[in-house]
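Undergrad: Sequence first, predicted model second:
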Amino acid sequence: MTKHKKFPGRFPGSDFQFVIRRANKKGATPIVRRERYADRKNLDKKVDAAFLAALWTHFGDEPFERGNLDAGRLSWLFGREVVPADPDDFDPADYEALLRIDTRIAETNFPEVFASPEEFAFDEAEDDDDWDDGE
């Protein structure tokens, strides 16, 4: 499983995680499209925006490997802002699955991420790269 170094581990000051520490021995949790209803909490929306901003800052419009990115967090964006890089060869339960940001949809749904990226800058101290991964 690819570990994305310098990717923020979680939403600052919360338990909303962005990455996982180690691969699941039973296999990767499948990424599924989760419905985002209009009555979602503002904090949930902020976390989605922050995660998308981290993806954009880290990968831009290039395809990226799922790796240690949290399946639950990806699922809130999957099928809209985050899509398979190659839909014909995509396994939602594979750590090596390639994804990409659909920039057109991401800019439409989260204009604040692209208008003011500095608002989503993560402090290096919040990064969880120093976790013991047990390997």
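TA: Looks like it arrived, so ask away. For clarity, every value in this text was computed on a predicted model and none was experimentally measured.
Undergrad: Quick check: mean pLDDT of the helix or strand Lys45 falls within?
TA: According to DSSP states H and E, Lys45 maps onto helix 42-59. For helix 42-59, mean pLDDT is 94.
Undergrad: same deal with stretch 22-35?
TA: Across stretch 22-35, pLDDT averages out at 93.
Undergrad: any idea how far it is from the chain center?
TA: Distance, stretch centre to chain centre, for stretch 22-35: 13 Å (Cα atoms, centre = their mean, to the nearest Å).
Undergrad: What strands line up against the helix or strand just after the helix holding Lys45, and which way round?
TA: Per DSSP H and E, helix 42-59 leads on to strand 64-65 as the next helix or strand towards the C-terminus. Strand 64-65 pairs in its sheet with strand 98-101 (antiparallel), by DSSP bridges.
Undergrad: If you count neighbours, what's buried in the partner strand?
TA: For strand 98-101, a neighbour-count test (16 or more other Cβ atoms under 10 Å) marks Leu99, Arg100, Ile101 as buried. C-betas here are computed from N, CA, C, even on glycine.
Undergrad: What is the next helix or strand after that strand packed up against?
TA: The helix or strand immediately downstream of strand 98-101 is helix 103-109, counting by DSSP H and E. Applying 3 or more Cβ pairs under 8 Å, 6 or more residues apart in numbering; DSSP states H and E, one finds that helix 103-109 contacts helix 111-115.
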